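Q: Need a 3D model of the sequence below.
(chains A and B)
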Amino acid sequence: GAVVSQHPSWVICKSGTSVKIECRSLDFQATTMFWYRQFPKQSLMLMATSNEGSKATYEQGVEKDKFLINHASLTLSTLTVTSAHPEDSSFYICSANSLSSYEQYFGPGTRLTVT
Amino acid sequence: LAKTTQPISMDSYEGQEVNITCSHNNIATNDYITWYQQFPSQGPRFIIQGYKTKVTNEVASLFIPADRKSSTLSLPRVSLSDTAVYYCLVGERDNYGQNFVFGPGTRLSVLP
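A: Sure thing, here's the model as predicted:
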């Protein structure tokens, strides 16, 4: 099946710094990718929808200036957490749609810890 | 987007068949039903998808009644490794693919 990768798998950063997370569809093209956040023992929460070549659509309550999303190609979307704070510590998961099979494939996730 | 309701948790024993039912009373005509499995610190993994009646693959079956207001995921002969959270999702397969609203899911514990 289709594979979505994320890099890095985990990252620790200091408060106030920025962190970039990459999401790649390895063997298919994805015009749309989604970014989710998951806190411990909780469900996934959709943060934004990333469309190739256009601006991302953010869910209500998600700060677009803090969570910068770039979808520059059909296989890569990036999420940058700017001026990170400890409350941004979470598990970030991306997903991509395969239009040929109508399935949504999820990446393995990135564990972000802000100290 | 249709809201889904599932049991918060279920317990089972190895070798048993497990059925997890999901309610989606306001499912739309173009909505499909998809189930995902998630292990701790991993992304969700696709299990099965269906529109109506019954769908079966190598790992599970999905039963959808005629009114489509509910669906049941059936896992045959579960093992300890099936302990995970299972999410029932409903969404439309439009030109942009599916965007899901995740509920709390069902935490399945398989006991020896």
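
Q: part of a helix, is B:S81?
A: Yes. Assigned with DSSP: H, G, I helix; E, B strand; the rest coil, B:S81 falls within a helix.

Q: give the contact list for it.
A: B:V110 (Cβ atoms under 8 Å, 6 or more residues apart in numbering or on different chains). Any C-beta I mention is one placed from the backbone N, CA and C, and that applies to glycine too.

Q: That one and B:N25, how far apart?
A: B:S81 is 33 Å from B:N25, where distance means Cβ to Cβ, to the nearest Å.

Q: bridging residues for the residue nearest to the spatial centre of chain B?
A: The centroid of chain B falls nearest to B:W35 when counting by Cα atoms, centre = their mean (3.2 Å). In this entry, B:W35 is beta-bridged to B:I48, B:C88, by DSSP bridges.

Q: Thought B:Y86 was touching it, still the case?
A: Yes. B:W35 is within contact range of B:Y86, at 6.3 Å (criterion: Cβ atoms under 8 Å).

Q: Common neighbours of those two, please.
A: Joint contacts of B:W35 and B:Y86 (Cβ under 8 Å, 6+ apart) are B:47, B:73.

Q: Listing request: residues of the chain with sub-threshold pLDDT.
A: Using chain A. A:1, A:99, A:101-102 (pLDDT under 70).

Q: meant chain B, my bad for not saying
A: B:1-2, B:93-99.

Q: can you give me the strands for it?
A: Taking DSSP state E as the criterion, chain B contains strands spanning B:9-13, B:18-23, B:31-38, B:45-50, B:53-56, B:61-64, B:70-75, B:84-92, B:106-111.

Q: so the third one versus strand B:84-92, what angle?
A: Put plainly, it is strand B:31-38. Per axes from the mean of the first three to the mean of the last three Cα atoms, to 10 degrees, the angle that strand B:31-38 makes with strand B:84-92 is 160 degrees.
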